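# sharing a model prediction with you, sequence too.
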Amino acid sequence: MIKSARPYDADRHARDGRVRDAVRERDAARINEAVLTLVAEGSERMLSLQKQEESPTNTREIDAAIEVVDWGIRTFGSYVGWIDINLTVTPTTVPLLFSLLADPSLPIRLATSVALLRIVAKGLKEPGDKLSLFKVLSLGEVLDALESKTRAQQLERGSDTDEGEESYREALGKLLNVFGLEVAKLTDDCPNEDIRAEASKLMAQLLPVMLRFLADAYDDTCSTVFPLLQVILTGYKRSRKISAGPIDDAKRSFLTSLLQVLLTKMKWDPDADPADADEDDNAEFEKMRKELRTFMDSILAIDQHLVTDAVRTLALNTISAYQNGVSIEWHDAELGIYLVFIFGEINKTGGKGRAAFCQAPTVDKDRRKATDYSDYPLTTHGEMLYALVQSGIVSYPHHAVSLQFFETVSRYTDFFKIRKECIIPTLEAMVGTRGLHNENPAFRLRLYYLFHRFIKEARNDIPADISASIIESMQDLLRIQVEQPELDDADEDILTEAVKSSAFDSQLYLYETAGILCSLLYRSPEQQASLLLSLVKPLMDELSVNLQESTIGSRGQDFIPIVKVHHIIMALGNISKGFPDYPPSLPEGYVLPPLDVLGQVAQAILVCLEAMNVFKVVRDATRFAFARILATAGPRVTHFIPPLMANLLAHFEPSELVDFMNFIGLLIHKLQKDMFDVLDQLIGPLSTHITALLSQPISGTDDERAHIDTKKAYFTLLNNIMSNKLHDIFTSERNSHGFESLIDSIRCQAEDVSDPPSQKVALTFLNKGVCVWGQPSRDDAQSEAARGLPGFERFIYERLVPTAFRVPSSKDFNIKDGQMMVVLHEIANLLQTVCQTRGPEAYDYFLSAFLPSQNWPPETALEFTTKLRDLDAKNFRKYFTDFVRASSSSS
């Protein structure tokens with residue numbers, strides 16, 4: 001303790017080394033003899049006193065003797081690793097140490113185990129000396145006996161835990177682990193075959209003892225042998241790579257036993273309750289399971305069939321036992337299902353998709369839906385899942401069992417595509433009291449997600465006629481509840497904290513699931529519209545009520561109605577999300593979703609936004625919901641966008657502006673040309689606002705971050721407009737008067753070397769602009785898309801080209817910076833785009849006008865212009881980069 005409390009210092013470290021050297025040379029024998037004499041005499045006195053009649057005086061004397069032996073053996077252990085082994089391991093010391101290792105006093109046993117561990121770990125030059133040490137100690141036999149003894153005592157204690165004795169078993173496990181690691185060095189690394197053979201015998205003696213420690217009920221003891229086990233399995237894997245033949249019987253026997261121990265250790269403790277357990281306890285168990293899985297994976301690499309057969313047998317036996325009415329413990333049932341859950345990971349030879357579960361020939365993707373897979377035999381994993389569903393084990397009266405069932409079926413939804421008769425029993429279980437209506441809130445919230453995942457993945461195979469009944473069975477779970485937040489800080493905004501509800505976040509999965517189920521009725525439009533209306537009408541009615549209450553209650557600072565409005569808007573958006581996205585082009589026979597109902601939803605949300613746009617949470621929820629409604633209804637609801645924009649921008653915080661532009665970008669991607677009129681109205685005011693915002697002085701780090709994020713989002717939006725061929729909004733009748741100032745402001749941003757990422761996207765926009773507006777006028781007929789903007793060539797030559805050369809010439813431009821290198825490449829692209837768009841005119845301009853005006857020598861100007869014209873994009877970027885680098889070096 002004192003040593004560890006000292007700060008590390010190189011001088012002290014060197015001095016300690018000199019002291020140890022001096023002790024080894026002169027004093028080691030005397031010090032060791034004195035310490036061992038104290039220990040031996042103290043041990044004899046201790047034994048003598050323990051035989052006498054108990055009395056207060058006797059007890060004090062025994063305690064004093066124990067303390068002498070304890071500190072003596074600790075002292076011995078502190079130097080045993082760095083003095084001559086011949087002093088510490090003698091015919092006298094070995095019996096003394098082993099007697100103390102089994103002493104009734106726990107501190108003495110623990111100190112002795114540490115001393116022996118350091119003796120075993122001591123480095124010796126010759127492998128033969130190490131082997132001789134192991135033979136002298138016969139530690140394998142001692143540990144075998146002590147493990148058996150302490151395990152018997154453990155069983156005798158039953159549920160009465162003795163932490164001291166468990167710490168002793170843990171110490172023995174650590175001693176075995178280090179001993180085994182040292183033996184493994186001899187078996188793996190020693191060139192002498194005889195020594196390797198002797199060491200292998202020692203290792204064979206240790207393996208059963210190691211397995212018994214591994215099987216210990218206490219994880220701290222179990223994990224002591226993990227390093228040794230990993231080394232052993234690594235050696236087995238190495239041997240397996242060298243020899244492809246069958247593994248020998250001894251190894252197979254060990255691996256079989258190991259596998260049984262691992263599978264048993266993967267069980268929950270029978271007294272545990274995962275539902276009520278502390279989160280840390282659950283995390284520790286999951287961590288232990290994960291570590292045990294790594295060992296199973298190692299065995300898998302050695303002999304896959306050994307693992308898959310063991311897992312299959314245990315899982316099917318457990319499931320079959322339950323199905324046949326045999327009483328099984330909950331942790332056995334949970335493990336059986338867990339093994340089905342992980343089988344897809346450990347079965348490396350299994351196929352993907354449907355092929356993982358049935359032995360069917362390869363079927364073309366467009367024919368899979370029409371193929372009847374029920375005629376094909378199941379794979380091993382398919383058999384396990386089929387047995388799992390048919391067994392009814394989901395009804396086992398323990399939350400952990402049913403939850404593991406739902407985790408498993410929602411993970412392997414492809415199975416239900418080849419055994420569709422299993423879908424309805426699984427859905428019935430999911431909506432029942434073991435599933436969505438589980439009494440445990442935490443489990444219930446997890447099941448909301450699993451149910452959503454199952455429905456989403458299996459939607460094409462769920463019979464449409466049961467959609468309404470499933471939705472009806474979950475109606476009681478769709479009620480909006482608002483939780484009173486617990487504020488950790490008085491400065492926290494109660495409204496912001498109230499909307500951060502993990503319960504509601506999970507509930508959103510249910511709303512989307514309801515939308516998915518409703519979408520399955522596309523063949524019956526009237527029924528679908530009626531079902532959707534039955535979902536959204538109660539929410540819209542509640543929305544109206546809370547809108548009124550929020551207006552009345554705003555004076556009293558009642559946040560509940562506002563939060564409910566937020567939640568309802570989010571819920572309506574997620575119901576819409578359950579429907580398929582509106583297709584870019586309507587295929588023949590495509591059935592649209594109930595657009596009238598979705599229009600009512602959009603209108604109701606917009607009314608709320610108009611009345612409550614002062615609340616950020618309402619604006620956020622509206623943006624969220626409209627993104628989903630627009631994705632589903634497409635151009636049929638775009639007429640809501642202008643008033644939506646106006647209300648979102650009526651009140652906003654800086655961070656919302658970024659979210660708003662990202663939202664517009666999403667709409668552009670979804671609706672493309674149908675966004676033209678909306679963008680035509682929006683882009684002018686938005687650009688004016690952004691330009692004014694970016695021109696404001698920056699104060700503080702947060703302000704700078706917001707400034708950069710806003711600029712990035714703005715340029716990304718502009719590039720999205722260009723990429724989706726909506727560029728005519730910039731030069732429309734409404735916006736043409738501001739086009740020149742817009743394009744020049746972007747050019748100015750492209751020169752700002754303090755923000756390379758924004759520079760890059762600004763240059764990308766200008767590059768696209770040259771392609772669109774820089775096209776030369778021609779007398780022949782042109783499509784409107786290929787027609788340039790008259791006069792734009794002046795902007796190219798007078799503004800853009802100088803900018804392209806001014807940026808890399810800036811004293812702040814660092815070509816060694818990776819981000820600035822990206823900017824340089826974008827400039828090279830821009831220069832080539834100018835020349836490719838304007839043709840010979842541009843080459844003549846560079847050669848005869850611009851480059852001479854920059855005092856370039858004629859031969860340099862000619863070379864540069866020729867490279868610009870003749871090289872492909874990749875090679876010109878390289879040339880331009882080298883050119884700028886050379887210019888920077890010479891300046």
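Right, received. Where do you want to start? Numbering: from 1, shown residues only.
# from here on, just use CA atoms for contacts and neighbour counts.
OK.
# where does residue 378 fall, phi/psi-wise?
As for residue 378, its main-chain torsions (degrees, to the nearest 10) stand at phi -80, psi 150.
# spit out the contact partners of it.
357-359 (Cα atoms under 8 Å, 6 or more residues apart in numbering).
# by neighbours, which of those wins?
Neighbour counts for the contacts of residue 378 (other Cα atoms under 10 Å) peak at residue 357, which has 29 neighbours.
# in this protein, which spans are strands?
Counting by DSSP state E, one finds no strands in the chain.
# where does pLDDT dip in it?
Residue ranges of the chain with pLDDT under 70: 1-8, 16, 25, 277-278, 365-366, 368-370, 490-491, 552-557, 778-787, 890-891.
# biggest helix in it, by residue count?
helix 525-553 (DSSP state H).
# can you count the residues close to residue 246?
Count around residue 246 with other Cα under 10 Å applied: 10.
# ramachandran coordinates for it?
phi -70, psi 150.
# list the residues that contact it.
Per Cα under 8 Å, 6+ apart, neighbours of residue 246: none.
# which of the contacts of residue 378 lies closest to residue 643?
Within the set of the contacts of residue 378, residue 357 lies nearest residue 643; the separation is 51.8 Å, counting by Cα to Cα.
# list the contacts for that closest one?
351, 378-383, 414-415, 418.
# any idea which of the contacts of residue 378 is closest to residue 649?
residue 357 (52.8 Å).
# which non-adjacent residue is nearest that closest one?
Using Cα to Cα, 6 or more residues apart in numbering and skipping the chain neighbours, the partner closest in space to residue 357 is residue 382 (4.1 Å).
# tell me who's in contact with the one you found.
356-358, 415.
# just the contacts of residue 357 now: which is nearest residue 288?
Using Cα to Cα, residue 381 comes nearest to residue 288 of the contacts of residue 357, at 24.7 Å.
# could the contacts of residue 357 go into TSV alongside distance to residue 710?
Listed next are the contacts of residue 357 as TSV, based on distance: Cα to Cα, whole Å:
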residue	distance to residue 710
351	47
378	55
379	54
380	55
381	51
382	52
383	55
414	43
415	47
418	50
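# looking at the residues you listed, which are in helices?
380-383, 415, 418.
# would you map the helices across the stretch 351-500 of the chain?
For the stretch 351-500 of the chain, the helices defined by DSSP state H, counting those that start in this stretch occupy 380-391, 399-411, 415-418, 423-431, 441-458, 467-473, 494-499.
# just name the most buried of these.
Stretch with highest mean neighbour count among those: helix 415-418 (a mean of 24; mean count of other Cα atoms under 10 Å).
# give the contact list for the residue lying closest to residue 525 once chain neighbours are set aside.
Using Cα to Cα, 6+ apart and skipping residues adjacent in sequence, the residue nearest residue 525 is residue 594, 7.2 Å away. For residue 594, the residues meeting the contact criterion (Cα under 8 Å, 6+ apart) are 525, 528-529, 532.
# ok, of those, which come out buried?
In these, burial by neighbour count holds for 528-529, 532, counting by 16 or more other Cα atoms under 10 Å.
# ok, which of the helices of the stretch 351-500 of the chain comes nearest residue 108?
helix 399-411 (42.9 Å).
# about what we covered before: what's the closest of the contacts of residue 594 to residue 31?
Using Cα to Cα, the contacts of residue 594 come closest to residue 31 at residue 532, 88.4 Å.
# so who does that closest one touch?
Residues near residue 532 by Cα under 8 Å, 6+ apart: 515, 518, 594, 597.
# how far away is the last one from residue 525?
Noted for residue 597: a distance of 12 Å to residue 525, by Cα to Cα, to the nearest Å.
# same question for the second one.
Look at residue 518 and residue 525: by Cα to Cα, they are 10 Å apart.
# check the first one too.
Distance, residue 515 to residue 525, by Cα to Cα: 14 Å.
# now the helices of the stretch 351-500 of the chain in CSV, with distance to residue 883?
Output for the helices of the stretch 351-500 of the chain, formatted as CSV (distance: least, Cα to Cα, whole Å):
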stretch, distance to residue 883
helix 380-391, 62
helix 399-411, 56
helix 415-418, 60
helix 423-431, 66
helix 441-458, 55
helix 467-473, 67
helix 494-499, 54
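# how about those, which one is nearest residue 866?
helix 441-458 (57.0 Å).
# next, the angle from that closest one to helix 423-431.
Counting by axes from the mean of the first three to the mean of the last three Cα atoms, to 10 degrees, helix 441-458 lies at 150 degrees to helix 423-431.
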